[in-house]
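K.L.:
whatever this is, show me its structure:
(one chain, ligands or ions: 3)
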Amino acid sequence: MAPVLEPYFKQVDSMADSFIDRLRKAVAIPSISADAAHRPAVVKMADFLENELTTLGAHVERRYLGEQHPGLDLPPVLLGRYGDDPKKRSILVYGHYDVQPALKEDGWATDPFTLHVDEKDRMFGRGSTDDKGPVLGWINAIEAHKKAGIEFPVNLLMCFEGMEESGSEGLDNLIKQEAQVFFKDVDAVCISDNYWLGAEKPCLTYGLRGVSYFGIEVSGPGQDLHSGVYGGTVTEPMTDLINVMSTLVNNKGRILIPGIYDQVAPVTPEEEALYADIAFTMQDLYDGIGSKTAIFDDTKSTLMARWRNPSLSLHGVEGAFSAEGAKTVIPAKVIGKFSIRTVPDMDPEKVEKLVQQHVEWEFAKLNSNNTFKFHPLHAGKWWVSSPKHWNFTAAAKAVEQVWGVKPDMTREGGSIPVTLTFEQQTGKNVLLLPMGSSTDAAHSINEKLDKKNYIQGTKMLGAYLHFVAEEPITE
Ligand SMILES: C[C@H](N)C(=O)N[C@@H](Cc1c[nH]cn1)C(=O)O
Ligand SMILES: [Zn+2]
Ligand SMILES: [Zn+2]
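P.N.:
Residues are numbered from 1 along each chain as shown. Ligands and ions are numbered 1, 2, ... in the order given. Next up is the predicted model:
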């Protein structure tokens with residue numbers, strides 16, 4: 001082991017309880033970006049991070065991105081710097097401090113905003129793995145170095161945002177503005193915001209799918225109606241909406257919108273060969289989804305469906321009755337929400353046009369007297385890079401040092417909208433270095449991060465900074 005890593009690892013172990021306490025405080029702040037009513041909590045989470053960082057001696061600047069819509073400010077982006085030594089490399093890390101919505105009634109076993117550590121050392125709470133645990137991992141790494149009196153190996157630049165789960169609105173522009181200012185000395189970029197393929201084997205990630213998110217609105221009656229009094233006499237918005245939504249995708253995952261697959265890059269023999277060597281079993285998938293209701297029964301088709309093929313998911317219907325019991329209502333206005341995960345070489349603008357044409361055509365076919373509106377909500381591009389870069393080599397060494405195995409090289413089915421922007425604007429390599437595992441249930445009920453992944457993950461992030469400081473620059 002590199003001599004300096006041993007005391008660092010010891011220090012991290014000795015501080016495990018206080019790191020968990022830091023995560024407990026962060027999880028307690030319900031920083032849900034999708035819900036305007038929670039915006040003060042998102043800002044509170046920015047305050048919390050700023051305070052943790054400045055207490056450790058980091059320099060932090062808050063950047064304001066303007067309004068999301070009239071009367072609602074976007075949360076601040078935190079730009080941080082720890083160390084300013086021209087002789088050291090500068091590594092930019094990105095993470096997000098907002099979370100997905102969560103309600104106990106959704107089916108959580110415990111309160112989503114109270115960190116609950118069970119007998120298996122699983123730490124349950126919204127944001128534990130996505131992405132508060134990893135963001136705090138960087139802060140923990142700074143603190144452990146400081147406490148152990150170990151010289152920090154790099155200048156650490158940080159970009160933490162509060163809108164990732166809602167399309168990273170405004171951040172692309174900020175990155176463009178800061179590319180030659182705050183980020184001008186960056187040598188490489190690292191993002192810890194995705195997950196291992198299974199529960200045991202770490203990975204490094206070199207690709208993400210994009211996401212294009214849509215709403216389709218159908219309205220008619222002036223207010224919600226009694227279905228006994230008006231059922232059969234009124235054109236029901238929900239019926240129209242379900243008709244249109246049922247034309248988007250079939251239950252084998254095939255997208256039914258004409259033209260969508262025309263843009264998908266063909267599989268090359270080199271890519272085909274990659275799937276054989278990935279440590280991934282169907283049981284890993286079943287563990288992740290909590291059932292055996294998979295579309296495919298082999299790992300290659302499953303990985304291709306997750307990494308390199310588009311998918312369309314139906315997420316929900318705003319305005320629909322969804323509570324327990326049997327309310328006999330005809331909703332007056334409903335908005336169906338769905339998104340398409342996009343892959344090379346799909347162009348978000350073309351995707352949007354195809355979707356709009358399709359849903360408007362399908363609605364027109366219904367000959368309805370209701371009103372139909374199409375809302376493109378947000379779009380983020382896919383990203384694929386090469387893992388043959390010193391940034392990845394350094395991360396692989398860190399993984400091996402901490403976990404004792406060589407990482408798999410993976411792609412990710414999820415999306416981190418600004419990854420491509422960082423790559424294009426800084427002109428530097430971007431690496432995804434996940435902390436959590438496939439069983440963490442990000443975005444789902446009972447999201448968790450294993451204590452082991454958090455503490456070993458903190459070691460891994462710190463070790464990565466040591467290796468990346470030393471790795472010879474080859475491109
Ligand atoms: C992979 C990352 N942790 C994540 O969860 N990203 C989100 C981003 C997003 C975009 N629109 C809404 N959320 C995701 O992939 O869903
Ligand atoms: Zn997420
Ligand atoms: Zn995330």
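K.L.:
okay, now the unreliable bits of the protein?
P.N.:
Low-confidence segments of the chain, defined by pLDDT under 70: 475.
K.L.:
check which helix or strand covers the residue of it found nearest ligand 1.
P.N.:
Nearest to ligand 1 in the chain, going by C-beta to the nearest ligand atom, is residue 414, at a distance of 3.2 Å. For the C-beta atoms, the positions are set from N, CA and C on the backbone; glycine is no exception. In the assignment (DSSP states H and E), residue 414 maps to no helix and no strand.
K.L.:
ok, it - how many residues close by?
P.N.:
16 (other C-beta atoms under 10 Å).
K.L.:
just give the closest residue to residue 386, not the sequence neighbours.
P.N.:
Distances taken as C-beta to C-beta, 6 or more residues apart in numbering place residue 206 nearest to residue 386, at 6.7 Å, with adjacent residues excluded.
K.L.:
for that neighbour, identify the helix or strand it belongs to.
P.N.:
Under the criterion of DSSP H and E, residue 206 resides in strand 203-208.
K.L.:
on that earlier part again, residue 277 versus the residue of the chain closest to ligand 1, what's the distance?
P.N.:
Using C-beta to C-beta, to the nearest Å, we find residue 414 at a distance of 22 Å from residue 277.
K.L.:
what's the answer for residue 32, then?
P.N.:
For residue 32, the distance to residue 277 equals 39 Å [C-beta to C-beta].
K.L.:
more crowded one of those two?
P.N.:
With neighbours defined as other C-beta under 10 Å, residue 32 and residue 277 compare such that residue 32 has more, 23 against 9.
K.L.:
if I pick the closest residue to that one other than its chain neighbours, what's in contact with it?
P.N.:
With C-beta to C-beta, 6+ apart as the criterion, residue 32 has its nearest non-adjacent residue at 4.1 Å, and that residue is residue 38. Neighbouring residues of residue 38 by C-beta atoms under 8 Å, 6 or more residues apart in numbering: 30, 31, 32.
K.L.:
so which helix or strand takes in residue 369?
P.N.:
Assigned by DSSP H and E, residue 369 belongs to no helix or strand.
K.L.:
what's around the nearest residue to it once chain neighbours are set aside, how many residues?
P.N.:
Spatially, and ignoring its direct neighbours in sequence, residue 369 is nearest to residue 235 (5.4 Å; C-beta to C-beta, 6+ apart). Here the count is done by other C-beta under 10 Å, and residue 235 has 15 residues near it.
K.L.:
where along the stretch 101-250 of the chain do the strands fall?
P.N.:
116-117, 122-124, 155-161, 188-191, 203-208, 210-219, 225-226 (DSSP state E, counting those that start in this stretch).
K.L.:
make TSV out of those strands and add mean neighbour count and distance to residue 458.
P.N.:
What follows is those, written out as TSV (neighbours: other C-beta atoms under 10 Å; distance: least, C-beta to C-beta, whole Å):
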stretch	mean neighbour count	distance to residue 458
strand 116-117	16	16
strand 122-124	21	13
strand 155-161	24	14
strand 188-191	24	14
strand 203-208	25	17
strand 210-219	22	29
strand 225-226	14	56
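K.L.:
same list, those, but as JSON lines with distance to residue 350 please.
P.N.:
Compiled in JSON lines, the strands of the stretch 101-250 of the chain are given as follows (distance: least, C-beta to C-beta, whole Å):
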{"stretch": "strand 116-117", "distance to residue 350": "45"}
{"stretch": "strand 122-124", "distance to residue 350": "41"}
{"stretch": "strand 155-161", "distance to residue 350": "27"}
{"stretch": "strand 188-191", "distance to residue 350": "27"}
{"stretch": "strand 203-208", "distance to residue 350": "19"}
{"stretch": "strand 210-219", "distance to residue 350": "10"}
{"stretch": "strand 225-226", "distance to residue 350": "39"}
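K.L.:
and for the closest residue to residue 147 other than its chain neighbours, the neighbour number?
P.N.:
Leaving aside its chain neighbours, residue 147 sits nearest to residue 11 (5.7 Å; criterion: C-beta to C-beta, 6+ apart). Here the number of neighbours of residue 11 (other C-beta under 10 Å) works out to 21.
K.L.:
quick one, what contacts residue 11?
P.N.:
Residues near residue 11 by C-beta under 8 Å, 6+ apart: 144, 145, 147, 148, 150.
K.L.:
in the lengthiest helix in the chain, what counts as buried?
P.N.:
Longest helix of the chain, by residue count under DSSP state H: helix 451-470. Buried residues in helix 451-470, counted by 16 or more other C-beta atoms under 10 Å: 451, 453-469.
K.L.:
and the residues you listed near ligand 3, which?
P.N.:
Among these, no residue is within reach of ligand 3 (C-beta under 5 Å from the ion).
K.L.:
and the closest residue to residue 56 other than its chain neighbours, how far from residue 183?
P.N.:
Distances taken as C-beta to C-beta, 6+ apart place residue 142 nearest to residue 56, at 5.1 Å, with adjacent residues excluded. Note on residue 142: its distance to residue 183, by C-beta to C-beta, is 19 Å.
K.L.:
which parts of the stretch 101-250 of the chain sit against ligand 1?
P.N.:
Residues of the stretch 101-250 of the chain lying close to ligand 1 (C-beta under 6 Å from any ligand atom) are 130, 131, 164, 165, 167, 193, 194, 211, 213.
K.L.:
which parts of the stretch 151-300 of the chain are helices?
P.N.:
Here the stretch 151-300 of the chain has its helices, by DSSP state H, counting those that start in this stretch, at 171-178, 227-230, 237-245, 269-274, 282-289, 299-307.
K.L.:
which of these is buried the deepest?
P.N.:
helix 237-245 (a mean of 20; mean count of other C-beta atoms under 10 Å).
K.L.:
now that one against strand 210-219, angle please.
P.N.:
Helix 237-245 runs at 150 degrees relative to strand 210-219, counting by axes from the mean of the first three to the mean of the last three C-alpha atoms, to 10 degrees.
K.L.:
residues of this protein that sit close to ligand 3?
P.N.:
Residues of the chain found near ligand 3 (C-beta under 5 Å from the ion) are 130, 131, 193.
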